[in-house]
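> got a predicted structure here, sequence first:
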Amino acid sequence: MSRVSKPLLIFLTLSVLVNIYLVGLHFGKGFRPEETRTIRVSPSHEFSMRSIQRHLSEEEKDAFRKALRAKRKELKSRFEAVGDSYEDIHAVMIAPEFDRAALVEALKGREAALRTIHDPAREIILDLFEKIDQPTRAAIAADLLSRDRESRRDKKDGKECRSFDDAPPPPPGE
């Protein structure tokens with residue numbers, strides 16, 4: 001091999017490898033599962049449907065699941081509306097000119113969308129609580145209270161934060 005052909009061969013090999021990598025990246029995106037948005041709708045002290053079910057009998061669980069399934073389509077469209085409201089807020093925030101009134105309206109739209117999710121869930125929980133006995137309600141309440149306390153606990157020194165003013169400062173750099 002001549003001196004020119006060896007560097008040229010290395011360059012062409014690297015070029016082919018880079019092209020294969022880029023083609024793989026391009027076509028590999030099509031094989032990924034569709035992205036799902038995770039929306040945090042409520043603070044940690046809200047009722048968790050899963051944690052409630054841990055305390056129910058099999059018959060109560062079946063009735064609870066049936067009630068949830070009955071509201072599934074309604075809730076799905078409402079979760080989508082919450083996602084749309086986040087997109088509205090994002091659009092207003094990145095606009096070339098800041099429009100305070102538009103942002104206020106977008107935030108109000110998000111709050112309204114969140115309330116529409118809570119309403120059916122609240123009805124399901126209230127219906128369930130009417131039907132279950134007091135010890136089961138007490139167990140659910142204790143679980144809810146313990147998760148609420150854990151979420152407010154400062155991991156550093158174990159101090160419980162009772163309000164925003166009592167909360168620990170954010171870590172440096174945030």
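Great, that's in hand. Numbers count the residues shown, from 1 in each chain.
> give me the domain ranges for this protein.
Following automatic domain parsing, the chain resolves into domains at 1-30, 49-152.
> from those, which stretch is densest packed?
The highest mean neighbour count among these belongs to domain 49-152 (a mean of 14), with neighbours defined as mean count of other CB atoms under 10 Å. C-betas here are computed from N, CA, C, even on glycine.
> in CSV: the domains of the chain, plus mean pLDDT.
Formatted as CSV, these follow (pLDDT from 0 to 100):
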stretch, mean pLDDT
domain 1-30, 78
domain 49-152, 84
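> now do the SS call for Pro96.
Reducing the assignment at Pro96 to three states with DSSP: H, G, I helix; E, B strand; the rest coil gives coil.
> do you know how far it is from Arg137?
Distance, Pro96 to Arg137, by CB to CB, to the nearest Å: 53 Å.
> repeat for Ser5
Distance of Ser5 to Arg137, computed by CB to CB: 82 Å.
> ok, Ile117 next?
The value you get for Ile117 to Arg137, if CB to CB is used, is 23 Å.
> repeat that for Tyr86.
34 Å.
> who does whichever strand or helix holds Ile125 touch, helix- and strand-wise?
Using DSSP states H and E, Ile125 sits in helix 100-131. Secondary-structure packing of helix 100-131 (3 or more CB pairs under 8 Å, 6 or more residues apart in numbering; DSSP states H and E): helix 49-53, helix 58-70, helix 72-93.
> Serialize these to a markdown table and add fields for distance to Asn19.
Supplementary listing: these in a markdown table, determined by distance: least, CB to CB, whole Å:
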| stretch | distance to Asn19 |
| --- | --- |
| helix 49-53 | 48 |
| helix 58-70 | 50 |
| helix 72-93 | 35 |
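> of those, which approaches Asp143 most closely?
Proximity to Asp143 (CB to CB) singles out helix 49-53 among these, at 5.4 Å.
> for the closest one, packing partners?
On a contact count with 3+ CB pairs under 8 Å, 6+ apart, helix 49-53 meets helix 58-70, helix 100-131, helix 134-152.
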